[in-house]
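Asks: Fold the following for me, if possible:
(2 chains)
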Amino acid sequence: MNDTGCLHLSNFKAAKGSSPYKIVHAFFVASTSYEARRYKATSCLCFSCGQPGPRLHSCLHCIYFACYGGHIQEHSKNKKHFLYVDLSYGNVFCAQCQDYIYDRELTDISRSNRVLEAKSLGISVPYTPWLPNGNEVMALKRLRKRRLISPHTTIGLRGLQNLGSTCFMNCIVQTLIHTPLLRDYFLGERHKCKTQGSGKCLVCEVSKLFQEFYSGAKTPLTLHRLLHLIWTHARHLAGYEQQDAHEFFIATLDVLHRHCMNGVEETEKKEKDRCNCIIDQIFTGGLQSDVVCTSCSGVSTTIDPFWDISLDVAGPGSLQACLERFTRAEHLGSAAKIKCSNCRAYRESTKQLTLETLPIVASFHLKRFEHSSQIDRKISAFVSFPAELDMTPFMSTHRRAVDAADNNNDPEGLFEDNRYSLFAVVNHLGSLDAGHYTAYVRQMKGSWFKCDDHMITRASLREVLDSEGYLLFYHKTVLEYECDVP
Amino acid sequence: MTVNNTIAHQRLILSGDRERFKELLRRRLIECGWRDQIRMVCREIVKEHDSNSITLDMLVARVTPRARALVPDPVKKELLQKIKTHLLTQKNL
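Replies: From the prediction side, this is the model:
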């Protein structure tokens, strides 16, 4: 099979160009506008038998619609019109070759119409797999070394040396390295740095780390350069004592986010004052806070970005219960009156937090460490967490719909998919002052490993789900695609 | 197709909902591995023939019965349920 069409199609294109195909496709295959859908709805019937199928085709020579049950073939024979388009898929049949034929130019037309169709329907653009361009084909031919990834591969797994209480860093690095979308970004070499080789950019350092992890070598790595960079840029973490893994995670994201500005492309790409760097694209969500005045029912809404959600663990017993409590409306009481802009007075109010936008990676921090003026303690309460999590119940739109008892049957909402899969868990073992961190990471679907500094051992999902859990990382199961075409 | 059916069908195309449902079906079939399964089935059939002697029509005729049977029940159920609810709400308008 090739995509150079056939002689008959070439002759047709030489005489009439590709516009007959383009027009038929834009109206009747992938309707690119409301107008086109109107034509499609009313005229897609076989001219011979009046039926909508089976497999309606259009003659490319005279735009005669007929079914594949014999009528299009009849038309083709009688009129000697040999090319016809399948109206469901847009493929061209050549009656002289007696088969469907593929032509690169027509395939490109078809693809761009599909994108326009998706835009006109307000749905995400169909996913198109990566195809190598000319340079990449050359590179692939030149570099003959190939690595076959088998289902039992351990590529991407490497232990990390403990540099003296640096297990907090090791487990966060393991988590970041096993974040699917971050891995794709770095292995795709998307960070083009302006500070090339200065050794001061943390994004470059992480980029190098990914290469080390995926090099196939098995010896443990030493993260002294990374540690030094973070000490330099997040001063409060400097020193050799044990640090909190959560604090380190947030500090690392912050430094990475700041250093993304070193990227050649990323500085210009700012949408509506929102940073568009890879860290924000993956980790940033929007937390909505609604404060309702109990006197006038006036609502004041604010939305703040977040990188993770910290949850109280005392009480609940499951992650879902923690989230349920986190997003419940809370009465603020008479001691905490808030000025209502509507009443122009201090009033009692209720406050509710909901998730306005979800990040691609949802990170949960179970607040197991309690620091108060009297006592510092660790709460080892059991909190179960699922391998698959649906975030829909905690979203602002959903909460509103429940309050309004409004059933959401709108097909616009058909594709709302807020399912997440667990891909990393960081655990804290031991007591508050003499503890140790380990991480479970998902290397491939269903394949889990325990990372304990330099030791990597295979783990079962059961083992992961039975662990205590301190930081939980979930990755969005289904990704939506945006289109670049204006 | 009765007149009522035709109108319902036309309305689905006009509103774009037919494409939306199709897209949803497409996603579910990819998610559950159906598409990969069918790809393997097609590959086997093509291998049975000498290269270039097989046409799309032959392939479609042989794959269709198996492909239909392989669609998982939950996928059928979800689509049926969603289309039904959608058509009923439309009727009330």
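
Asks: For chain B, give me its nearest residue in chain A.
Replies: Chain B sits closest to A:Ala41 of chain A, with a gap of 3.9 Å, by Cβ to the nearest Cβ. Heads up, the C-betas are built off the backbone N, CA and C, glycines and all.

Asks: Quick one: classify that residue as helix, strand or coil.
Replies: helix (DSSP: H, G, I helix; E, B strand; the rest coil).

Asks: how deep is it tucked in, by neighbour count?
Replies: 19 (other Cβ atoms under 10 Å in any protein chain shown).

Asks: buried sites along the lengthiest helix in chain B?
Replies: Scanning chain B for the helix with the most residues, using DSSP state H, yields helix B:73-92. Neighbour-count burial for helix B:73-92 flags B:75, B:79, B:82-83, B:86 (criterion: 16 or more other Cβ atoms under 10 Å in any protein chain shown).

Asks: How about stretch A:142-156?
Replies: A:Gly156.

Asks: Kindly report the same for stretch A:21-35.
Replies: Neighbour count says stretch A:21-35 has A:21-22, A:24-32 buried, by 16+ other Cβ under 10 Å.

Asks: So what would you say the end-to-end distance of it is?
Replies: Distance between the two ends of stretch A:21-35: 18 Å, counting by Cα to Cα, to the nearest Å.

Asks: average pLDDT for that stretch?
Replies: Averaged across stretch A:21-35, the pLDDT comes to 93.

Asks: just stretch A:306-322 next, same as before
Replies: Here the average pLDDT along stretch A:306-322 is 92.

Asks: just stretch A:249-262 next, same as before
Replies: What stretch A:249-262 shows for mean pLDDT is 91.

Asks: what about dumping the CA coordinates of that stretch to PDB?
Replies: Included here for stretch A:249-262 are C-alpha records, laid out as PDB according to Å, rounded to 0.1, in the frame of the first residue of the first chain:
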ATOM      1  CA  PHE A 249       8.200  18.600  46.000                       C
ATOM      2  CA  ILE A 250       6.600  22.000  46.000                       C
ATOM      3  CA  ALA A 251      10.000  23.800  46.100                       C
ATOM      4  CA  THR A 252      11.200  21.700  43.100                       C
ATOM      5  CA  LEU A 253       8.100  22.500  41.100                       C
ATOM      6  CA  ASP A 254       8.600  26.200  41.900                       C
ATOM      7  CA  VAL A 255      12.300  26.200  40.800                       C
ATOM      8  CA  LEU A 256      11.500  24.200  37.700                       C
ATOM      9  CA  HIS A 257       8.600  26.600  36.900                       C
ATOM     10  CA  ARG A 258      10.900  29.600  37.300                       C
ATOM     11  CA  HIS A 259      13.700  28.000  35.200                       C
ATOM     12  CA  CYS A 260      11.300  27.100  32.400                       C
ATOM     13  CA  MET A 261      11.600  30.800  31.500                       C
ATOM     14  CA  ASN A 262      15.200  29.900  30.300                       C
END
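
Asks: Please identify the buried residues of it?
Replies: Neighbour count says stretch A:249-262 has A:249-253, A:255-260, A:262 buried, by 16+ other Cβ under 10 Å.

Asks: Also stretch B:21-31?
Replies: B:21, B:23-25, B:27-29.

Asks: what would the buried residues of helix B:73-92 look like in TSV with pLDDT and distance to chain A?
Replies: Output for those, formatted as TSV (pLDDT from 0 to 100; distance: Cβ to the nearest Cβ, whole Å):
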residue	pLDDT	distance to chain A
B:Val75	93	14
B:Leu79	92	10
B:Lys82	88	7
B:Ile83	88	9
B:His86	85	6
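
Asks: Please confirm that B:Arg20 is located within a helix.
Replies: Yes: under three-state DSSP, B:Arg20 sits within a helix.

Asks: gap between it and B:Ile13?
Replies: In this view, B:Arg20 and B:Ile13 are 11 Å apart by Cβ to Cβ, to the nearest Å.

Asks: For B:Ala67, which three-state class applies?
Replies: Look at B:Ala67: counting by three-state DSSP, its state is helix.

Asks: Settle this for me: it is touching B:Met40, isn't it.
Replies: No: taking contacts as Cβ atoms under 8 Å, B:Ala67 lies outside contact range of B:Met40: 11.4 Å.
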